[in-house]
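In: mind folding the following:
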Amino acid sequence: MPALFEEQTALLQQHLVSISEAIVKTRREIADLRQEQEAGRTRDELHAVVQSTEQATDTILTAAETVDTLARGIAGRTEDAATRADAEAIQAQMQTVFEACNFQDLTGQRISKVVRTVVLVEERVAEMLHLWAGSAETPAVAKSVAKRPAASEADRHRRDAEDGLLNGPALPGTAAVSQDAVDAMFG
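Out: Numbers count the residues shown, from 1 in each chain. Modelled structure (predicted):
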């Protein structure tokens, strides 16, 4: 009887170890899935920031154009020099608002560049996981990522060409052309 009891105890112990390993593996896979979801969510959040900024900028520009048009009308209709000067000052300030709204385009370009980089990293990781999937047991996240179609070679070449042309705005202090040079072109 003691031998049978020892065998059953060993078998029970073996099953408990297997269950414990399965729990650890499941927790790891869930953590990996959460990380994957967070990366996708981050990409979506950045895209939403670009869209919201664009919408807010459009609202600002529409209001500024209305104010500019009204000021232009006042300046053109008034006989009073002080009123005309005020209307022209309003127009000058509206020009400053128009120029300041360029931030939306610049931030949109920067954020889009970050999103493209995140997508590129995700694609490369998915390709690596897909290659490794045949040689070893793959976690659930690797399997789910590997199921996504990898970017075609043509898509990668197109994206690389676009990246070469659209480097986005220069970071502060690294502008290739000074503001004075731009002003001279338009002045």
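In: and whatever helix or strand Gln109 lives in, what does it pack against?
Out: Element membership of Gln109, judged by DSSP states H and E, is helix 102-132. Packing partners of helix 102-132 (3 or more Cβ pairs under 8 Å, 6 or more residues apart in numbering; DSSP states H and E): helix 2-77, helix 140-147, helix 153-165. Where you see a C-beta, it was placed from the backbone N, CA and C, and this is true even at glycine.
In: what's the first one packed up against?
Out: Read it as helix 2-77. Using 3+ Cβ pairs under 8 Å, 6+ apart, helix 2-77 sits against helix 81-100, helix 102-132, helix 140-147.
In: ok so, going back, so for the helix holding Gln109, what gets flagged as buried?
Out: Neighbour counts using 16 or more other Cβ atoms under 10 Å place Gln104, Thr107, Gly108, Ile111, Val115, Arg116, Glu122, Glu123, Val125, Ala126, Leu129, His130 of helix 102-132 among the buried residues.
In: how about Thr42, what does it touch?
Out: Val118 (Cβ atoms under 8 Å, 6 or more residues apart in numbering).
In: show the model's pLDDT score for it.
Out: Looking at Thr42, its pLDDT reads 76.
In: thinking again about what came up before, quick one: which of the helices and strands packed on helix 2-77 is nearest Ser18?
Out: Ranking the helices and strands packed on helix 2-77 by proximity to Ser18 (Cβ to Cβ) places helix 140-147 first, at 18.2 Å.
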